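Colleague: how would this look folded up:
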Amino acid sequence: MSLRTSLLFLSLGVLILLFLVLDVAWGSVSIPLDAVIDALMGRSEETTYSYLILHFRLPKAVTALFAGAGIAVAGLQMQSLFRNPLADTSILGINSGAGVGVAVYTMASVLFPGLSSLALGANTWGIIIASCLGSLTILLVISVVATRVRDMISVLIIGVMVGFLASSVISILQFFSSQEMLKTYLIWSFGSVSTTTWRQLTFMLPIVSLALLGSLLMPKQMNALLLGESYARSLGVDLVAVRYLLITITSILTGCITAFTGPIAFLGLAVPYLVRLIFRTSDHRVLLPATMLMGGLLLLVCDLLTQAPGYQFVLPINALTSLLGAPVVILVVLGSRSGHKTFH
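Modeller: Sure thing, here's the model as predicted:
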C-alpha cells in the first residue's frame, strides 16, 4: 500500500470520528462538544444531555455509519458484477421488494378488508418485518435466476422487471389508500436513520457486519471479474459461485438496511465512483475498505445536514443523498463520453 493510500485511509478515519461526534452534538437541541465527548467516553453522570446522547443520537449516528458502509459496498459489488459504473443496488429489485412488503403491510387493507387489523396495528417492528419479508422474497427469486441463468444480462433484465412489477403493485395500493395509510408509507419511503433504537441495532448490526466481512473476503474474485470472464476462469475463479455470493451479500445488505432505515437513494451509485476518483485505483483490496469508510462518512454528513439546531423538523435523508448522487451520475456520463474510463 502506497503512502498516499495510507494517508487517505487515515484521513477517512479521522473524518469519520469528527463527523460522528458532530452528528451526536448537532440537532434541534445543541449539545456542547465537551458534554458529547464525556458521554461517549463514559465520564459523565446521568443528565438530560447524556440520556439524549446515549439513547437517541448515538444509535442514530451508528445506524448512519453502518448503513452508509453497507449501501456503498452493495453498490460497488453491483458495479463490479455488471462491469458498469451506473449499476446500483436497485438493479436487482431488492429495494422494490422491501417497498412492496411495507406497502402491503400499511395499505393492503383497502383491497382486503380482512387485513384491517394489520393496518391498524402498524408499528415500527411491523414495518421492519414486512420490509424484510419483501426483500427476502425478491432475494429468493433472484437467487434462483442466478443459479439457472449464466447470462448476467438476463439477471439484470429480470431484476428491472421485478422493480416495475413492484412499482405497479405499490401504485395500485396507493390509489385506493386513505390519507393516513399513504402518510405512513410515504414517511418510510423518505428514508431515515433517526428512528433506530439500540434494540433494533442488536438485530441490524450483526447481519450488516457479517455481510461486510464476507465482502472483504472477495477482492481477488471481484478483481478477476473486472478483467473479463475468460481471464477469471484462467485464474480458477468459479464465476457462477462468485456471482451467486455477490448477489446474496448485496441482497442481504440492501434488504436489512432498507428494512431499518427505509430506501436510501444514490449512495450505492455515487460512493464507489468517488472512491475510484480519489484513490485512483480499481483494485478491490483498496476499494472495498475505502468504500465502506466513505459510505459511512457521507451518510453521517447527510444525516448532519438534515437537521438544523433550533428547528423541530428533520429533512428526508433521501433528499440529501439524491443531491449528492445526481451530480455524480452526470460526472460518470460526461466522463464516459469524453473517453475517460471508470474501470481501469
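Colleague: how many residues are close by Arg233?
Modeller: Arg233 has 12 neighbouring residues, counting by other Cβ atoms under 10 Å. For every residue, glycine as well, the C-beta is placed using N, CA and C.
Colleague: check contacts around the nearest residue to it once chain neighbours are set aside.
Modeller: In space, not counting the residues next to it along the chain, Arg233 is nearest to Leu239; the distance is 6.7 Å by Cβ to Cβ, 6 or more residues apart in numbering. Residues near Leu239 by Cβ atoms under 8 Å, 6 or more residues apart in numbering: 150, 225, 229, 232-233.
Colleague: and the gap between the nearest residue to Ile317 once chain neighbours are set aside and Val29?
Modeller: Closest residue to Ile317 apart from its sequence neighbours, by Cβ to Cβ, 6+ apart: Gly191 at 4.7 Å. According to Cβ to Cβ, to the nearest Å, Gly191 stands 23 Å off from Val29.
Colleague: and if you look at Ser143?
Modeller: If you go by Cβ to Cβ, the gap between Ser143 and Val29 works out to 46 Å.
Colleague: then Leu20?
Modeller: According to Cβ to Cβ, Leu20 stands 18 Å off from Val29.
Colleague: who has more neighbours out of the two?
Modeller: When Leu20 is set against Val29 and neighbours are counted by other Cβ under 10 Å, the residue ahead is Leu20, at 21 against 14.
Colleague: next, that one: phi, psi?
Modeller: The phi and psi values for Leu20, taken as degrees, to the nearest 10, are phi -60, psi -50.
Colleague: surely it meets Lys60?
Modeller: No: here Leu20 does not reach Lys60: they are 10.6 Å apart, not a contact under Cβ atoms under 8 Å.
Colleague: I'd say the residue nearest to Ile317 and Ile264 touch.
Modeller: Yes: A contact is recorded between Gly191 and Ile264 when judged using Cβ under 8 Å, the distance being 4.6 Å.
Colleague: between these two, who's got more neighbours?
Modeller: Taking neighbours as other Cβ under 10 Å, Gly191 and Ile264 compare with Ile264 leading, 29 against 23.
Colleague: what about the more buried one, which SS state?
Modeller: Ile264 falls in the coil class when you classify it by DSSP: H, G, I helix; E, B strand; the rest coil.
Colleague: ok, Thr196 next?
Modeller: Under three-state DSSP, Thr196 falls in the coil class.
Colleague: mind checking how far it is from Ser189?
Modeller: With distances defined as Cβ to Cβ, the gap from Thr196 to Ser189 amounts to 17 Å.
Colleague: the more surrounded of those two?
Modeller: Here Thr196 and Ser189 are compared on neighbour count by other Cβ under 10 Å; more neighbours surround Thr196, at 22 against 16.
Colleague: for the spatially most central residue of the chain, give me its contacts.
Modeller: A centroid search over the chain (Cα atoms, centre = their mean) returns Ile71, at 2.7 Å, as the residue closest to the centre. With Cβ under 8 Å, 6+ apart as the criterion, the residues that contact Ile71 are 89, 253-254, 257, 264, 267-268, 271, 295, 299.
Colleague: go on, Leu297?
Modeller: 12, 15-16, 19, 68.
Colleague: hang on, it in a strand?
Modeller: No: when the secondary structure is assigned by three-state DSSP, Leu297 falls in helix instead of a strand.
Colleague: which of the contacts of Leu239 has the largest number of neighbours?
Modeller: Tallying neighbours with other Cβ under 10 Å puts Leu225 at the head of the contacts of Leu239, with 23 neighbours.
Colleague: am I right that that one is in contact with Leu81?
Modeller: Yes: using Cβ under 8 Å, Leu225 is in contact with Leu81, at 6.6 Å.
Colleague: Met152: neighbour count?
Modeller: Tallying neighbours of Met152 according to other Cβ under 10 Å, which is how burial is gauged here, yields 17.
Colleague: how much space is there between Glu180 and Leu186?
Modeller: Glu180 sits at a distance of 11 Å from Leu186 (criterion: Cβ to Cβ).
Colleague: next: Ala25.
Modeller: Distance of Ala25 to Leu186, given as Cβ to Cβ: 30 Å.
Colleague: kindly report the same for Ser11.
Modeller: For Ser11, the distance to Leu186 - Cβ to Cβ - is 38 Å.
Colleague: repeat for Leu216
Modeller: Distance, Leu216 to Leu186, using Cβ to Cβ: 36 Å.
Colleague: what's the answer for Tyr231, then?
Modeller: With the distance defined as Cβ to Cβ, Tyr231 ends up 47 Å from Leu186.
Colleague: do the same with His55
Modeller: When distances are taken as Cβ to Cβ, His55 and Leu186 turn out to be 27 Å apart.
Colleague: got it, and Pro85?
Modeller: Summarising the geometry, the distance separating Pro85 from Leu186, computed by Cβ to Cβ, is 31 Å.
Colleague: looking at those two, which is more packed in?
Modeller: Summary of the neighbour comparison: Pro85 and Leu186, criterion other Cβ under 10 Å, with Pro85 having more neighbours (21 against 12).
Colleague: go ahead and confirm the more buried one touches Met78.
Modeller: No: applying Cβ under 8 Å as the test, Pro85 and Met78 come out as separate, 10.3 Å apart.
Colleague: in three-state terms, label the residue of the chain positioned farthest from its centre for me.
Modeller: Centroid-distance maximum for the chain: Glu45 at 35.1 Å, with Cα atoms, centre = their mean. Three-state call for Glu45 (three-state DSSP): coil.
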